[in-house]
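Trainee: prediction below, plus the sequence it came from.
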Amino acid sequence: MNADVFVSTANHEFFGIAVAEAMMAGTIPVLPKRVAYPELMNFSVGPSADDFLYESEDDLIAKIEAWEHLRRSQPDQWDNWRSTIASRVYRELNWPAKAISYDELLNQD
């Protein structure tokens, strides 16, 4: 199964594991600007959180259309964003990385 874009309409979410998994698989997320998503999409490089987060149905449609336009008109840039997003999520959210940060937190005096 292949997908280019992952859309969520969730009203309740603690972390967004399905979104993280979808991003690691190479999809572009389009998410509601609520619950855990703004924090999850806080990139230090690349597109801003506003590129992924929508506030209304019209905004959702506009975001999907914008990403589709990028995919068709600039396929190299599209692939670059997908790769950047997947790498960032893996680097920051995989268990070995999280375990180190938890160990450091638990070992503080």
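Mentor: Received it, and whenever you're ready, just let me know what you need.
Trainee: which strand is the longest one in the chain?
Mentor: Identified as the longest strand of the chain according to DSSP state E is strand 28-32.
Trainee: other SSEs contacting that strand?
Mentor: The helices and strands touching strand 28-32, judged by 3 or more CB pairs under 8 Å, 6 or more residues apart in numbering; DSSP states H and E, are strand 5-7, helix 17-24, helix 37-40, strand 53-54, helix 57-73, helix 75-93. All C-beta atoms are positioned from the backbone trio N, CA, C, and that covers glycine.
Trainee: list the buried residues in the longest one.
Mentor: This points to helix 75-93. Applying a neighbour-count criterion of 16 or more other CB atoms under 10 Å, one finds Trp78, Trp81, Arg82, Ile85, Ala86, Arg88, Val89, Leu93 buried in helix 75-93.
Trainee: which residues touch the last one?
Mentor: The one in question is Leu93. Ala20 (CB atoms under 8 Å, 6 or more residues apart in numbering).
Trainee: from Ser87, how far off is it?
Mentor: Distance from Leu93 to Ser87, counting by CB to CB, to the nearest Å: 11 Å.
Trainee: which SS state does Pro47 fall under?
Mentor: Counting by DSSP: H, G, I helix; E, B strand; the rest coil, the backbone at Pro47 sits in coil.
Trainee: cool, and Lys98?
Mentor: Here Lys98 is recorded as helix under three-state DSSP.
Trainee: what's the answer for the one 3 residues further on, then?
Mentor: Here Ser101 is helix, with the state taken from three-state DSSP.
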